[in-house]
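S.K.: show me how the following folds:
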Amino acid sequence: MLREFVIAAAVAGTALAVAPTAAADEPHGPFPGDPPGMSYDAYLSAPCYRWDRFVFGRGPGGEPLACHWIPGQSPIGMDRPPEGVGFWVLSPKIYGVQAVGSPCPGSQAAAQSPDGLPMLCLGAQGWQPGSMHSGDWGNGNDFYPAS
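M.R.: Below is the predicted model of the structure:
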């Protein structure tokens, strides 16, 4: 009787050990929807150094941030950035990695393209790579496509 029990336990253990595991998408951070390349040591208005690709970060309280260069935000008052420096600004809610042109939830939504470009939801146009910048009147309504 003991022999059968040991054999059954060994067979069950072997079956569990060699069974394939489910391979779900791995989360890329502590927040749902965080894309790869997130910076988790970002601070609002602090300097940052990646404003072309993989621009998203999280502040100390988990707030979504994006690394951008903004005219007039230079620490030395210039209207152009010091060499290689951007600044962390507030970002809309981040929806992970999305395909260009795919449907999106509406305004005030950000995502990352598969190759790391920042994207915004442009309504009927879907997700589009680029970012918003201040217009001539400082209202933040000019969309600049990513290059």
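
S.K.: what about the helices in the protein?
M.R.: Using DSSP state H, the helices of the chain run over 2-18.

S.K.: what is the burial count for Gln125?
M.R.: Residues near Gln125, counting by other CB atoms under 10 Å, number 12. Any C-beta I mention is one placed from the backbone N, CA and C, and that applies to glycine too.

S.K.: so what's it closest to, chain neighbours aside?
M.R.: In this structure, Gln125 finds its nearest non-sequential neighbour in Gly101, 7.2 Å apart by CB to CB, 6 or more residues apart in numbering.

S.K.: test my guess that that neighbour contacts Pro129.
M.R.: No. Using CB atoms under 8 Å, Gly101 makes no contact with Pro129, being 10.0 Å away.

S.K.: neighbour count winner among those two?
M.R.: Counting neighbours by other CB under 10 Å for Gly101 and for Pro129 shows that Pro129 has the greater number, 19 against 12.
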